[in-house]
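Student: Sequence plus predicted model, see below.
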Amino acid sequence: MITANENYNKLNASYLFADIAKRVQLYQESNPDKEVIRLGIGDVTLPLPPAVIQGFKRGVDEMSQDATFRGYGPEQGYLFLRQAIAAVDFQSRGADIDADEIFVSDGAKCDTGNFQELFSNNITIAIPDPVYPVYLDTNVMAGRTGGFKDGRYQGIVYMDCLKEKAFMPDLPDAPVDLIYLCFPNNPTGATATRDQLAAWVDYARENKALILFDAAYEAFIRDENLPRSIYEIPGAKEVAVEFRSLSKTAGFTGTRCGFTVVPKACMIYTANGSKLSLHDMWNRRQSTKFNGVSYPVQKAAEAVYSQEGQAQIKANIDYYLANARVVRQTMTELGFDHVGGENAPYIWIDGNGRDSWEFFDLLLDKAGVVCTPGQGFGRCGAQYIRISAFNSPENVAKAMARVKDVLKKR
Ligand code: MLT
C-alpha cells in the first residue's frame with residue numbers, strides 16, 4: 001500500500017494565492033459584466049523591457065544554428081550571467097561575492113522552498129509573522145512542525161512583526177538555528193536598516209545560526225541609505241544565504257529566472273559538530289535535481305545587467321512605485337494607517353479592527369478590487385490587507401476611486 005506524507009494534512013487545503021484566485025474566479029462567474037481590478041498577487045503587468053527582449057531573441061537565434069546551439073547547460077547557470085550578477089548586484093556595492101557563489105535558478109519561490117532540504121529535521125526555526133507562506137509551508141511539508149493550533153504551527157518560533165515596532169521582528173529570546181528574513185518585506189513592505197541587519201548577522205554568528213535572506217524586492221529600494229543585500233553587512237558571508245528574483249525586478253514572473261547566493265564561507269554542522277560547506281551541499285542538490293534555466297532566458301537575464309537593461313528596469317519600477325504612492329495617498333485620505341510602498345511594491349493596510357477576509361470580500365464584492373487578506377500571511381495579519389502596486393496607473397486610479405466610494409459609505 002502506498003502511504004502519504006501526512007505532513008501535507010497539516011497544511012491549509014490550498015496555497016494562499018491559489019485560494020484567492022479561486023474566489024476571484026467564482027466572483028467573476030457570478031458577475032460576468034463586472035470589471036475586476038487585480039491588486040492581489042504581486043504579478044507584473046508591464047512587458048519585458050526592450051533590452052531584455054533583444055537578449056532573449058539573440059538567445060533563441062543562437063539555438064537555431066548548428067554552430068551556436070546549446071544542449072544541457074551548467075546546472076549552476078552560465079558564467080556570463082553569474083559574472084554579470086556578481087559585478088552589478090554585489091561587487092559594485094562593496095559586497096565581495098564571486099560568480100561561483102551564485103546559483104541561477106527559475107526563481108526565488110523554488111529556491112526559498114527547496115533550501116530547507118539541506119537541514120536536519122530537529123533544527124529550531126524562526127519565522128516572522130506575517131510571512132510569505134512558502135517558508136512556512138515547505139517546512140511543514142518536510143515534517144519540521146507539529147500540528148496547526150490557534151493559527152500557528154507547533155514547534156516554530158514565530159517572530160511577531162507588529163505595528164508598534166514598525167513591523168520589524170525582535171531577535172528571538174532563546175537561540176534558534178535557522179532564521180528567515182525578507183527585506184523589503186513581503187507582505188508589509190517594511191525595510192531594514194544597516195544596523196538592524198547587522199544585529200541579525202551578529203546574532204547568527206554568536207548562535208552558529210543561519211539566515212535565509214529573501215531580497216526579491218531589493219530593486220524597489222529608493223532610499224540610498226538602506227542595504228540592498230545582506231552581504232553589505234560585514235560578517236554576513238559566513239552566516240547568510242541570499243535569494244534574488246528577476247520576477248519583480250525585471251518583469252520575469254512568466255519568464256522565470258532568479259538566483260541564490262551561497263557564499264563559500266558559509267558553514268553548516270554535522271550532529272557531532274564538524275563543519276560542512278553549505279555551498280557544496282547546495283551544489284550537490286542542484287546538480288542532482290535541477291538542469292538549469294533555459295539558455296535564451298539566461299541571455300534575457302544577462303541583458304538586465306547591461307546599461308540599457310538597468311535603466312529600463314529602473315523606469316519600470318518607478319512606474320509601479322508611482323502607483324504605490326496613489327494607494328498610500330488614498331489610504332491616508334480614508335484614515336487607514338499603512339506602511340510600505342516607498343521602497344517596496346506592497347502597501348500593508350491596517351483595517352481598523354476589520355477582519356482581513358471580510359475586508360477582502362468587501363473590496364471584491366462592492367468595488368471589484370482584489371487585494372490580499374493579511375490573515376493569509378499569518379495570525380499577525382488578521383486585521384490587515386495587502387495592496388500591490390503591480391498594475392497600470394489607470395487601473396490603480398480606477399480601483400482607488402472605487403475603494404474610496406465603498407469605504408466612505410462605511
Ligand atoms: C506575492 O504576491 O506575494 C508574490 O507574487 C508571490 C510570489 O512571488 O510567489
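Tutor: Alright, I've got the coordinates.

Student: so what pLDDT did R410 get?
Tutor: Looking at R410, its pLDDT stands at 69.

Student: make that A84, sorry
Tutor: 98.

Student: and the longest helix for this structure?
Tutor: helix 307-334 (DSSP state H).

Student: In the protein, which residue sits closest to the ligand?
Tutor: Minimum separation of the chain from the ligand (C-beta to the nearest ligand atom) falls at G42, amounting to 3.4 Å. (Glycine included, C-beta is placed from N, CA and C.)

Student: tally of neighbours for that residue?
Tutor: A count of nearby residues for G42, using other C-beta atoms under 10 Å, gives 22.

Student: Identify the residue nearest it in space, chain neighbours excluded?
Tutor: Computed as C-beta to C-beta, 6 or more residues apart in numbering, the closest residue to G42 that is not its neighbour in sequence is S388, at 4.7 Å.

Student: so what's that neighbour up against?
Tutor: S388 sits next to 39-42, 345-347, 371-372 when contact means C-beta atoms under 8 Å, 6 or more residues apart in numbering.

Student: so is F243 in a helix, a strand, or just coil?
Tutor: With DSSP: H, G, I helix; E, B strand; the rest coil as the basis, F243 sits in strand.

Student: Identify the residues contacting it.
Tutor: So F243 contacts 108, 111-112, 115, 212-216, 258-261 (C-beta under 8 Å, 6+ apart).

Student: do the same with R402
Tutor: So R402 contacts 37, 367-369 (C-beta under 8 Å, 6+ apart).

Student: ditto for L246
Tutor: Here L246 is in contact with 252, 255, 257-258, 301, 304 (criterion: C-beta under 8 Å, 6+ apart).

Student: And the residues you listed, which two are furthest apart?
Tutor: G258 and V304 (11.4 Å; C-beta to C-beta).

Student: More neighbours: which of these two?
Tutor: In this view G258 and V304 are compared by other C-beta under 10 Å, and V304 has more residues nearby, 28 against 24.

Student: Distance-wise, check that one relative to P50.
Tutor: Counting by C-beta to C-beta, to the nearest Å, the gap from V304 to P50 is 12 Å.

Student: Not counting sequence-adjacent ones, nearest residue to L46?
Tutor: L46's closest residue in space is N316 (C-beta to C-beta, 6+ apart), at 5.1 Å.

Student: Quick check: can you list the domain ranges of this structure?
Tutor: 6-47+309-408, 52-307 (automatic domain parsing).

Student: tell me what whatever helix or strand E206 lives in is packed against?
Tutor: Here E206 sits within helix 194-207, counting by DSSP states H and E. Helix 194-207 sits against strand 178-182, strand 210-214, with contacts defined as 3 or more C-beta pairs under 8 Å, 6 or more residues apart in numbering; DSSP states H and E.

Student: Would the first one count as contacting the ligand?
Tutor: Translated: strand 178-182. No - contact of strand 178-182 with the ligand (C-beta under 6 Å from any ligand atom) is absent, the minimum separation being 10.0 Å.

Student: for the last one, same thing?
Tutor: No - no part of strand 210-214 sits close enough to the ligand to count as contact by C-beta under 6 Å from any ligand atom; the gap is at least 9.7 Å.

Student: now the angle from that strand to helix 194-207?
Tutor: 150 degrees (axes from the mean of the first three to the mean of the last three C-alpha atoms, to 10 degrees).

Student: Which secondary structure elements does strand 210-214 sit against?
Tutor: So strand 210-214, by 3+ C-beta pairs under 8 Å, 6+ apart, packs with helix 108-114, strand 178-182, helix 194-207, strand 240-245.

Student: residue contacts, K264?
Tutor: K264 neighbours (C-beta under 8 Å, 6+ apart): 98, 100-101, 277, 279.

Student: Apply 7 Å and report the result again.
Tutor: Applying C-beta atoms under 7 Å, 6 or more residues apart in numbering to K264 gives the contacts 101, 277, 279.

Student: Which secondary structure elements does whichever strand or helix holds the last one sit against?
Tutor: When you say that, I think you mean H279. Counting by DSSP H and E, the element that carries H279 is helix 278-289. If you count contacts as 3 or more C-beta pairs under 7 Å, 6 or more residues apart in numbering; DSSP states H and E, helix 278-289 packs onto strand 267-269.

Student: Would you mark the buried spots in the strand it packs on?
Tutor: By 16 or more other C-beta atoms under 10 Å, the buried positions in strand 267-269 come out as 267-268.

Student: show me the contacts for the nearest residue to D150 once chain neighbours are set aside.
Tutor: Of all residues not flanking D150 in the chain, R379 sits nearest, at 7.7 Å (C-beta to C-beta, 6+ apart). Counting by C-beta under 7 Å, 6+ apart, R379 touches 129, 151-152.

Student: need those residues in JSON lines with distance to the ligand and pLDDT, can you?
Tutor: Converted to JSON lines, those look like this (distance: C-beta to the nearest ligand atom, whole Å; pLDDT from 0 to 100):
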{"residue": "D129", "distance to the ligand": "15", "pLDDT": "97"}
{"residue": "G151", "distance to the ligand": "19", "pLDDT": "88"}
{"residue": "R152", "distance to the ligand": "20", "pLDDT": "94"}
